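**Q** Next comes the sequence, and after it the predicted model I'd like to discuss.
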Amino acid sequence: MSTATEEKESLNFIQVKVEQDIANKVNDGKVQTRFPPEPNGYLHIGHAKSIVLNFGIAQQYQGDCNLRFDDTNPVTEKTMYVDSIKRDIQWLGYQWSGDVKYTSDYFDQLYEYAVKLINAGLAYVDDQDAETIAKQKGTPTEPGTESPFRDRTLAENLQLFEEMKDGKHPNGSKVLRAKIDMASSNMHLRDPYLYRIINDVPHHRTGTKWSIYPTYDFAHGQSDSIEEVTHSLCTLEFAAHRDLYDWLIARLDIFPSKQTEFARLNLSYTVMSKRKLLQLVEENIVDGWDDPRMPTLSALRRRGYTPKSIRNFADKVGVAKRDNLIDVALLEHSIREDLNKTTARVMAVLKPLKVVITNYPEDKVETLVLENSPEDATLGVRDVPFSREIYIEQTDFMEDAPRKFFRLAPDREVRLKGAYIIKCEEVIKDEAGNITELRCTYDPNSKSGEDTSGKKVKGVLHWVSAQHAINAEVRLYDRLFSVEEPSGQAKKEEKDFKDFINPTSLEILSDCKLEPSLQSAKQGERFQFQRLGYFCVDTHYTTEDKLVFNRTVSLKDSWAKKNNNQPKQNQPNPNKQKKKKDKNKKGKNDHPQGQNPAKS
């Protein structure tokens, strides 16, 4: 099979359509896309898929992609959302063509389009309330009932519409509707709303100039046409709106933009509804829109996700014609894959247990030179101090250990990463029987890189010198919900989706001990804490006097194992990776908290 054929076979259906249009000289072969968010909330991971698709198509085919804010509802829109959306798009690595655009830029033109429809006998002013109009719509199997105002004269419709614009009628008292077909099999063609009155809330850009605002269905296609968008890419819920999109463009005889639908991104263990996300924020269930457990891009950024990992995730999910649920493990795999190649390895002890090496000189401090990354030599090396007293993880010691426990236990030996082999000689406890300290001895001939001891040990532990350790707070974030589909589960069990909040989605550890090289860590900087996971410096709670780290993701996905979850069929399996042989392969219990040590 030829390379060209293989390349064709790898195209998604939207790329195929674009290439066909280019080959057929549709719109002179021009490609113009747009990303049209509503400025009424923060972008989430689902929007990222649309961003990658729209901007990606434009880049791939030497076209342009506009950023256009669909600001047609002043009740919910805020400038802070506009700013955050622009920031998120640029953070993902994209830049829109020309100036930022707004549907409100076209309000005058859209009004003229509405007048044109009235003059053509294709729109009318309806005085009925929303509830009455909804009842008259009928059902998918029964035709609707025509409004008693459907046959108003052209002059009356023009006058009333102008009065609506001038603020002479109260909210909800009148709407402008298209005159199409109340018996249409497509409910969206049963005389849909085109304009409604909102005259008690100023618009974030136009102030109080307008008292009427176009609906999404009227503004969408016409704004696309004004910008000469060739490929208007929407998620599947807008497929039923396409007939109206085409009807309006045809009746107005304007540039023929075309709408194409693709499957939206649904991610497991979270919710994507703006309304539900807003509930979580307003009810203080999460710490704002950028709480690292949220699916928003600002939250993922704060948690330590990289733009590249999100773009790669969107590529792996692909472009489909049918909605499905994507396992969050694939998103986690994408960030592990990126950070494994780009982050420095450091040592941090999250739940410290003191170890005194009794035969090591009290006043001696050694400087060990450790590599920062086995994946990238350009990250260099760092100096790590070693002394008589160190900290290890509490979970790296077991007093009554089974045979296959390869960490530290009484009369057993382990290697300290980059340092020496130590042996546990004595366990110190408090009055309550809690272990407070271990007394160990070290083998001076076992120094890493200079080992002449001849000993072979299976366990390798991370550690931090007690006298040189810096204190930090570490926030261990997990999935926000305890079930795969919170909304679906809530509907099934007739509960509130918030009933499925994961009570252990955040654990705050306040007495963590970190190696001294992290003293200069900057907000947003990412690291691999060896054997524990990937972490970044928090941008909210870190101060000059206090370091706070967020866990981005663990080294291995312990969630699926813990909850007996398996990857869904027909989804990319993030665990199917080529396994490299590790000459220092550890036993399955040779790591804290059920996670394998990092290759280092």
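**A** Noted; the coordinates are in hand. Nothing here was measured: the structure is a model prediction, and the numbers come from that model.
**Q** can you tell me which residues contact residue 529?
**A** 346, 347, 348, 350, 462, 535, 549 (CB atoms under 8 Å, 6 or more residues apart in numbering). Placement of C-beta: from N, CA and C, glycine included.
**Q** partner residues bridging it?
**A** Under DSSP bridges, the beta-bridge partners of residue 529 are residue 346, residue 533.
**Q** contacting residues for residue 218?
**A** Listed by CB under 8 Å, 6+ apart, the contact set of residue 218 reads 110, 113, 114, 193, 194, 195, 248.
**Q** Need the residues that contact the one helix or strand the third one maps to.
**A** Using DSSP states H and E, residue 114 sits in helix 107-119. In this structure, residues lying in contact with helix 107-119 by CB under 8 Å, 6+ apart are 103, 123-124, 154, 157-158, 161, 165, 176, 178, 194-195, 206, 209-210, 214, 218-219, 222-223, 226, 251-252, 254.
**Q** Looking at the residues you listed, which are in strands?
**A** Judged by DSSP state E, those include 123, 124, 176, 178, 194, 195, 214 as members of strands.
**Q** Now for the second one: which residues touch it?
**A** Spelled out, it's residue 124. Listed by CB under 8 Å, 6+ apart, the contact partners of residue 124 are 118, 147, 149, 150, 151, 152, 157, 176, 177, 179.
**Q** And those residues, which of them are buried?
**A** Buried members of the contacts of residue 124, counted by 16 or more other CB atoms under 10 Å: 118, 147, 149, 152, 157, 176, 177, 179.
**Q** export the residues you listed to a markdown table and tack on pLDDT and distance to residue 91?
**A** What follows is the buried ones among the contacts of residue 124, written out as a markdown table (pLDDT from 0 to 100; distance: CB to CB, whole Å):
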| residue | pLDDT | distance to residue 91 |
| --- | --- | --- |
| 118 | 98 | 44 |
| 147 | 98 | 48 |
| 149 | 98 | 49 |
| 152 | 97 | 50 |
| 157 | 98 | 47 |
| 176 | 98 | 39 |
| 177 | 98 | 41 |
| 179 | 98 | 45 |
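**Q** Among those residues, list the two that are farthest apart in space.
**A** Longest distance between any two of the buried ones among the contacts of residue 124 is 14.9 Å, between 118 and 147; criterion CB to CB.
**Q** Could you dump the buried ones among the contacts of residue 124 into a markdown table and include distance to residue 440?
**A** Putting those into a markdown table (distance: CB to CB, whole Å) gives the following:
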| residue | distance to residue 440 |
| --- | --- |
| 118 | 88 |
| 147 | 86 |
| 149 | 88 |
| 152 | 92 |
| 157 | 89 |
| 176 | 81 |
| 177 | 81 |
| 179 | 86 |
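**Q** which among the contacts of residue 218 gets closest to residue 500?
**A** Using CB to CB, residue 193 comes nearest to residue 500 of the contacts of residue 218, at 35.5 Å.
**Q** who's in contact with residue 306?
**A** Residue 306 touches 335, 338, 339, 342, 526, counting by CB under 8 Å, 6+ apart.
**Q** Actually, residue 101.
**A** For residue 101, the contact set (CB under 8 Å, 6+ apart) comprises 34, 66, 67, 68, 69, 227.
**Q** Which pLDDT value goes with it?
**A** We have a pLDDT of 98 for residue 101.
**Q** repeat for residue 600
**A** 31.
**Q** cool, and residue 133?
**A** For residue 133, the model assigns a pLDDT of 97.
**Q** For it, grab phi and psi.
**A** Dihedral pair for residue 133: phi -60, psi -40, per degrees, to the nearest 10.
**Q** Touching, it and residue 148? I think so.
**A** No - checked against CB atoms under 8 Å, the pair residue 133 and residue 148 is beyond contact range at 11.3 Å.
**Q** Which one's more surrounded, those two?
**A** Legend: neighbour count by other CB atoms under 10 Å for residue 133 and residue 148, higher for residue 133 (18 against 11).
**Q** which residue packs closest to the more buried one, ignoring adjacent ones?
**A** Using CB to CB, 6 or more residues apart in numbering and skipping residues adjacent in sequence, the residue nearest residue 133 is residue 126, 6.6 Å away.
**Q** would TSV of the contacts of residue 124 with distance to residue 309 be doable?
**A** TSV is the format used below for those (distance: CB to CB, whole Å):
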residue	distance to residue 309
118	51
147	52
149	54
150	54
151	58
152	56
157	54
176	46
177	46
179	50
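**Q** Next, work out how far apart residue 290 and residue 312 are.
**A** According to CB to CB, to the nearest Å, residue 290 and residue 312 sit 22 Å apart.
**Q** try residue 182
**A** 48 Å.
**Q** follow-up on the earlier one: kindly supply the PyMOL command isolating those of the contacts of helix 107-119 that are buried.
**A** Restricted to buried positions by 16+ other CB under 10 Å, the PyMOL selection for the contacts of helix 107-119 reads:
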select buried, resi 103+123+124+157+161+165+176+178+194+195+210+214+218+219+222+223+226+251+252+254
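**Q** Restricted to helices, list the contacts of helix 107-119.
**A** Per DSSP state H, helices hold the following members of the contacts of helix 107-119: 154, 157, 158, 161, 165, 218, 219, 222, 223, 226, 251, 252.
**Q** Which residues are in contact with the fourth one?
**A** Looking back up the chat, that one is residue 161. Per CB under 8 Å, 6+ apart, neighbours of residue 161: 114, 115, 118, 125, 176, 195.
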